[in-house]
Every structure is written in structure tokens, then in C-alpha cells.
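Novice: structure of the sequence below:
(2 chains)
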There are 2 protein chains.
Amino acid sequence: MTPTAQATAGQIAAVRWDGEAPVIIDQRVLPAELLELRLDSSDKVVGAIRSLAVRGAPAIGITGGYGLIVGLEEADRGGLTLATLDAVTERIGHARPTATNLWGAVSRVRDAVASALAENRDWRAPALAAAQDIEREDREACASIGDHGRRLLAGRRRILTHCNTGRLATGGDGTALAVAYALHAAGDLDEVIATESRPLLQGGRLTAWELGRAGVPHRLIVDSAAGAAMASGLVEAVVVGCDRVAANGDTANKIGTYTLAVLARHHGVPFYVCGPLTTFDPHTARGSDIEIEERDPSEVRGFGGRDVAPASSNAWNPAFDVTPAELIEAFITDVGVLRPPYGPAIATALARPG
Amino acid sequence: MTPTAQATAGQIAAVRWDGEAPVIIDQRVLPAELLELRLDSSDKVVGAIRSLAVRGAPAIGITGGYGLIVGLEEADRGGLTLATLDAVTERIGHARPTATNLWGAVSRVRDAVASALAENRDWRAPALAAAQDIEREDREACASIGDHGRRLLAGRRRILTHCNTGRLATGGDGTALAVAYALHAAGDLDEVIATESRPLLQGGRLTAWELGRAGVPHRLIVDSAAGAAMASGLVEAVVVGCDRVAANGDTANKIGTYTLAVLARHHGVPFYVCGPLTTFDPHTARGSDIEIEERDPSEVRGFGGRDVAPASSNAWNPAFDVTPAELIEAFITDVGVLRPPYGPAIATALARPG
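Specialist: Got it, this is the predicted structure:
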């Protein structure tokens, strides 16, 4: 694990396939170090997803898709059975519960493998093709989200975002950050206000790092300063990503997103949720049906392995919260902007031929 | 600077006078270490206040009152002039700009000294008497706030608080935390939800520590989780302290307070501001007149003394924000509960004979 060519090439890829295994940027050690991890076992794939070495719903999906291939190679001792396929799919596809992309991507590769097995073909080529399609489609989706968002936000030059939804979170320019990149490229951006996003500081560590690397003007704030920033007129729009969107538009995203949505409503600032259609889950009716991952309380008591609060203090550490659809001005997706009422808008978008 | 008797005695005093100098608990290193600092020079007094080794508007006031004595002793080379008195008063009284208590306490000791000088008496005894009065009155004010708050909150057993407003922030049980201590003592408290209060983590480091030490049930959350906590029904009231209350009730307090006030309003949760009358400033008409201290951006870029965000990223670090009076359900003060309209309520309270 040494700094790679990425460090000098100026380009970053949260996940790439090196021919045999997915290689990720270890996001736990950014920005202090730019290290890659090669996930050449299913344990490493699951471990990297659980530990947030790779994070961001789309990037997790891409990693899961490639990771399934690694897991199947490991399990294929002279022949793969459907039962083994499903066991490996279950394990990798449920490494984290909240984002729908992970299960979606892993199932898609699984289905390609199952078809091959049913036809007595080797599973490897179709599996890799499916995983590569997932990565390519996500890159294209990011570009499309950026484009739709740039046009929708025209004139709103100061945008606040949460967590990291950029090049480190996806296979392309990102979801919410793709909008920032597109605005910046068009000369239509003054500044991104980035919340640091405790407990794991994806905003401070990752968003600030990738925006700085790309030369995009930005200012970091502690999460609780979002209200003061809006009251001070620093924010003309809020753009966030999403980990799972229910059929009615209720949206699970990084803890703190809901707080921003309430603040935006109070200040009359539009609140936009950005994500590819792969993040929309028609099988989840509403927000209260979304399983919210609770992570270890030690993440709240400290950071980076260092405790600051007493070890004896209880802490509550939901990784996500749910923003009700009525606080969302619009969804910016790869197939365009979705407006309320979201039930029919989402159903129509998902029903389009892909 | 070694752990003192406080560590075992079970009692803590944010500030105490040892006969010659104020001795404070160094709040920068809690909870890892319980150290005392003896502020035996005006540089140390100003440094301790600026660096937040001592913090909390009332505790800063008490430190400033005693600290002025140290500064005057230093300046009194065979006789103190009014000009020197005023220079030292200015320096210590404006070590930090936002809390009104500091200037109030330092001026009060200054006035006692000025009277002594005018009457050709030694300034030391009246100065110490004034400083000790400030400490005693604050302890009594805390007890009174706790008592008024306990009665006002009756039945609200789950309270959310921000920053640290307890024994470490005052000369007594605190302001907002005095209410928690009083509810707990009466058997009327289920849990305190404590926000960690980035960037300096007074909630995670100090509130969690002192509540744990006192056996008060509590749960720590990241600041951004306050919305999710309210939406989940975990919060029946929000109680916060204040650094300066304007004549119209607009309130400056730790950054993030305003965000909590907006969230509380959205969820129909009452939002109470707790503080002694010494925190009310009739000379400041409204919130927009309050000077808000902006602190070093490195506090936002780092965590617990460790850099986490890129050093090249801009950051915005206001230490306080302003909550408009209309979001405040009531003030819980040492002279009782103040209700809207706050202009007359505050004026009446301040006009009472002390």
C-alpha cells in the first residue's frame, strides 16, 4: 500500500479494477495520505465497505460489483453452484444496510453469473461485463446529474453541501458535488460551503481535499454552523446526495442531512437531493421503512482512533437520517429533475426503458 | 500543574481564588487530564481566557474579576493610578469580545478599586470583596436558575443541551445544566442529550465528563444529529446557556445554538435559554449589534489538536451565533422565568433592586 500514480496524475478514482481485483483509495487516511488498497479477498471487500475505507453509495455499489467477482473466484473451487453464488452475494451485498446501490449492484452481477451458470457458460466474462457496466453507467450518471443540476441552479452561486458526494464517492464527478463541478466549469460558482460531517468528517477530510485538488473555491464549516451560514446569507442552495430514496421521495442520507433540510426550509433556501436512479428504491414505500445503520458509539466519542469524550459516556450514532419528501425542492437525477408529487414522478422515472 | 485534590474530592470548581491568584481547571485537556492552572500574571489571565482554558460566560467573568486583582498587583509599583487601572481593566475585560459577563465582572472590580483610590484607601480589600461577591452571586444565581428551570420543565424528562453550561462554566451548578442537575436531584430526569459542540467539543469533553462524574444519565450526539434526535422523539425540551442577551431578547450563544432553535421550532419542542441577569446587556439593542468573535480557522480544520482537513482549505469559524428572540420559549434566569414580549420583561427584571 503505497502512494500510486494517482497522486501525481491529478485524477482520482475511488474504485478501479486492476484486472483481478478492485483497487480503492483508502478514504480513512485522507487527506494525510493517499493510499490505495487492493481488495483481493472477500474479507477485504466486506471489511473495506464496513470500515468506510470506501464509502459513498455509488462507489460502494461499484466496489460491491467488482468485489463479488473476487468473492466468487475465491468460492469457485472447480465449479460454482447457485447456492454458493447466493451466499457470497448475500455476504457482500449486505455489508452495509442502508444504501440501496450496494445490493442493487451486487444483485446485478449475481444475475449475470446466474444466467451464465444456467447456460453452462463460464461466469467470469459476464460478471466482469456487468460490473464494468455499473461503473460506466455511474460515471455517465454523474455527468448527467452535474448537467441537470447546473441548469437548475443557474444563478445560485453559493451552495452548501454535506458529507462527500464527489469523485471519492462515485465512479465519476459525484452526485451533489457533480453539480458544484459543473457550475464551477461553467463559471457559475462562487463558493461551496462544505459541512465537515461528523463523526467521520467526510466533508472536512474528503470534500475539502477533492475540491482543493480541483481548484474549486470552498469554505469548511462545523456542522452546527449551517444555521448561522444560512442566516448570514452565505447559502443560496443546499445540494446533498442520497443513500436511499423511498418510493414517496423520503430520503435517507448522511446524518445531519435532515437538520440541513429543516434549516433550508426555515430560511427559504431550496434543498436539492442529487442521485442516480439506482439510489431510488421502489420496494421501500416510505422513510420509516428504511433501515438506518447505527454505528459504534466510539465514533462519536472520538475521531481517528483517539477518544475525546469519556469512554463511559453513552453516545447515539445513527449513520443516516431521513429527510421527508416535503422538505425537498427537487431531485436532480441522471434522467432529469424530479418535482413533487414524488410518488408518481419517481415511479415514472423508474419505469422508463433503461 | 498536577492533578489536585479536586480529582478525589468529587467536587469541581472551574475557578477558585487561592489567596493570591485565581486557579482554574484547564478545560483544554479535559477529560483526559484534570489539571489546574494558577493564573499569577495578567498574561496568564488573558491567555487562559483567550485559549479557552477557562470558558463559559460566568466562569470567564469570575476569572476576569480575580484576574484584574492579579493584573493590578503587577501594575502597582508603589501606587496605582486611575489610568493604569483603566488600562489593565481594558486589557483583561476585552480578552474575549462576545460574553457580557467578562466586561461586567471586570468593570465591577474596577469600580470598587476606583472608589478606593478616590478615597485614598488601599484597593486590595475592596477589589477582593467585589470579586468574591461576583463568585458567590453566580453560585447563588446557578442554584436559582436550577430551581426555576426544574419547576418550569416539570414533566419534560428528556432534555437536549449544547456546549457546556455546567459546573465547569460557572461558579456553581451551571445555567442550562443547573436545570438538568435540579431535575435529576428531584428524580424528574430521564436523560440529557448532549451535543458534542464542535469545533472545541465542550459537549463531548466537558458536559459528558461532568454529568458522568455526577451520575446524571446522558447520551452524546454529533451536532448534526440533533434533527434526527428531535424527529425520533428523544427530546422534550432544549435548554441552552447564553453569552450575551440583547435588550430585545436576541441571544448570542455557542455556534450551533441557532440551528437547535430552528430545529426545536420545527418540531414543536420548547427552546429555553438559561442565564443569570448578568448575561443580559441592556446596552445592546438587538442581536445584529452583538460582536461575534471569529476564531482561528484551524479549529475547524482540526480535531482534538490534530489536523484532519487540508491546511489549504478555507474555513469559517464564528464562535457564536445569534438566536432571534422569537424562537425562544422563555428565559430561565436567577430572578425567575421571563416570557415574551422580552423587551419589557428584560427591562423590568434588570430594573429590580439587586
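Novice: tell me which element the closest residue to chain B within the stretch 1-150 of chain A falls in.
Specialist: When scored by Cβ to the nearest Cβ, the stretch 1-150 of chain A has A:Pro31 as its residue closest to chain B, at 5.0 Å. For the C-beta atoms, the positions are set from N, CA and C on the backbone; glycine is no exception. According to DSSP states H and E, A:Pro31 maps onto no helix or strand at all.
Novice: show me the contacts for it.
Specialist: A:205-206, A:208-209, B:308-310 (Cβ atoms under 8 Å, 6 or more residues apart in numbering or on different chains).
Novice: could you rerun that using 7 Å?
Specialist: A:205, A:209, B:309-310 (Cβ atoms under 7 Å, 6 or more residues apart in numbering or on different chains).
Novice: need those residues in a markdown table with neighbour count and distance to A:Ser144, can you?
Specialist: Formatted as a markdown table, the contacts of A:Pro31 follow (neighbours: other Cβ atoms under 10 Å in any protein chain shown; distance: Cβ to Cβ, whole Å):
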| residue | neighbour count | distance to A:Ser144 |
| --- | --- | --- |
| A:Arg205 | 27 | 27 |
| A:Trp209 | 23 | 25 |
| B:Ala309 | 27 | 30 |
| B:Pro310 | 19 | 29 |
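Novice: what residues does the stretch 201-350 of chain A have near chain B?
Specialist: Within the stretch 201-350 of chain A, the positions near chain B by Cβ under 7 Å from any Cβ of the partner chain are A:201, A:204-205, A:208-209, A:212, A:218-228, A:231, A:255-256, A:258-259, A:262-263, A:266, A:300-301, A:303-304, A:306, A:308-310, A:312-316, A:318, A:321.
Novice: narrow those residues to just the buried residues.
Specialist: For these, a burial check counting by 16 or more other Cβ atoms under 10 Å in any protein chain shown picks out A:201, A:204-205, A:208-209, A:212, A:218-228, A:231, A:255-256, A:258-259, A:262-263, A:266, A:300-301, A:303, A:308-310, A:313-316, A:318, A:321.
Novice: low-confidence ranges in chain A?
Specialist: A:1-10, A:354 (pLDDT under 70).
Novice: which stretches of the stretch 151-300 of chain A form strands?
Specialist: Applying DSSP state E, counting those that start in this stretch to the stretch 151-300 of chain A gives strands spanning A:158-161, A:191-195, A:218-221, A:237-240, A:244-246, A:251-254, A:271-274, A:280-281.
Novice: can you say which of those strands is packed in most?
Specialist: strand A:251-254 (a mean of 30; mean count of other Cβ atoms under 10 Å in any protein chain shown).
Novice: who touches stretch A:86-96?
Specialist: Outside stretch A:86-96, the residues that touch it by Cβ under 7 Å, 6+ apart are A:42, A:45-46, A:49-50, A:60, A:64, A:67-68, A:71-72, A:75, A:102-103, A:106-107, A:110, A:293.
Novice: so what's A:His148 up against?
Specialist: A:His148 makes contacts with A:332, A:336-337, as judged by Cβ under 7 Å, 6+ apart.
Novice: give me the nearest residue to the residue in the stretch 101-250 of chain A positioned nearest to chain B, chain neighbours excluded.
Specialist: Nearest residue of the stretch 101-250 of chain A to chain B: A:Ser224, at 2.7 Å (Cβ to the nearest Cβ). Counting by Cβ to Cβ, 6 or more residues apart in numbering or on different chains, B:Gly256 is the residue found nearest to A:Ser224 once chain neighbours are left out, at 2.7 Å.
Novice: I'd assumed B:Asp223 was in contact with the one you found.
Specialist: Yes - shown here, B:Gly256 and B:Asp223 form a contact pair, counting by Cβ atoms under 7 Å, at 5.3 Å.
Novice: any idea how far A:Ile346 is from A:Leu277?
Specialist: 9 Å (Cβ to Cβ, to the nearest Å).
Novice: the more surrounded of those two?
Specialist: Remark: of A:Ile346 and A:Leu277, A:Ile346 carries more neighbours, 23 against 18, as counted by other Cβ atoms under 10 Å in any protein chain shown.
Novice: tell me which element the more buried one is part of?
Specialist: Going by DSSP H and E, A:Ile346 is part of helix A:342-351.
Novice: for that helix, packing partners?
Specialist: In terms of contacts (3 or more Cβ pairs under 7 Å, 6 or more residues apart in numbering or on different chains; DSSP states H and E), helix A:342-351 is packed against strand A:336-338.
Novice: who touches the strand it packs on?
Specialist: In this structure, residues lying in contact with strand A:336-338 by Cβ under 7 Å, 6+ apart are A:148, A:152, A:330-331, A:345-346, A:349.
Novice: how about the residues you listed, which pair is most distant?
Specialist: Comparing all pairs in those by Cβ to Cβ, the longest separation belongs to A:Leu152 and A:Ile346, at 17.2 Å.
Novice: which parts of chain A are helices?
Specialist: Secondary structure of chain A (DSSP state H): helices located at A:6-9, A:42-50, A:57-75, A:82-93, A:100-118, A:124-152, A:176-185, A:202, A:208-214, A:226-231, A:257-267, A:298-301, A:342-351.
Novice: let me know which of the ones you listed is the nearest to A:Glu36.
Specialist: Taking those one by one with Cβ to Cβ, helix A:6-9 is closest: 7.2 Å.
Novice: excluding residues flanking it in the chain, which one is nearest A:Ile69?
Specialist: A:Ala127 is the one closest to A:Ile69 (Cβ to Cβ, 6+ apart), at 5.0 Å.
Novice: ok, that neighbour - contacts?
Specialist: Applying Cβ under 7 Å, 6+ apart, the residues contacting A:Ala127 are A:69, A:72, A:109, A:112-113.
Novice: which one (most neighbours) among those?
Specialist: A:Val109 (29 neighbours).
Novice: separation between that one and A:Pro353?
Specialist: From A:Val109 to A:Pro353 the distance is 21 Å (Cβ to Cβ).
Novice: for burial, what's the neighbour tally of A:Ile290?
Specialist: By other Cβ under 10 Å, neighbour count at A:Ile290 equals 23.
Novice: which ones are touching it?
Specialist: A:Ile290 sits next to A:98, A:244, A:246, A:252, A:284, A:322 when contact means Cβ under 7 Å, 6+ apart.
Novice: make TSV out of those and add distance to B:Asp138.
Specialist: Listed next are the contacts of A:Ile290 as TSV, based on distance: Cβ to Cβ, whole Å:
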residue	distance to B:Asp138
A:Thr98	47
A:Arg244	50
A:Ala246	51
A:Ala252	45
A:Thr284	53
A:Val322	43
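Novice: which pair in these spans the largest distance?
Specialist: So, the contacts of A:Ile290 by Cβ to Cβ: farthest apart are A:Thr98 and A:Ala246, at 11.8 Å.
Novice: neighbours of A:Ala169, how many?
Specialist: 30.
Novice: what sits closest to it if chain neighbours are left out?
Specialist: Once flanking residues are discounted, A:Ala169 sits nearest to A:Gly56: 2.4 Å by Cβ to Cβ, 6+ apart.
Novice: thought that neighbour was touching A:Gly171?
Specialist: No - using Cβ under 7 Å, A:Gly56 makes no contact with A:Gly171, being 9.7 Å away.
Novice: neighbour count: the two, which is higher?
Specialist: More crowded of A:Gly56 and A:Gly171, by other Cβ under 10 Å: A:Gly56, with 32 against 26.
Novice: quick one, what contacts that one?
Specialist: By Cβ under 7 Å, 6+ apart, the contact list for A:Gly56 reads A:14, A:164-165, A:168-170.
Novice: and it, how far from B:Asn164?
Specialist: For A:Gly56, the distance to B:Asn164 - Cβ to Cβ - is 34 Å.
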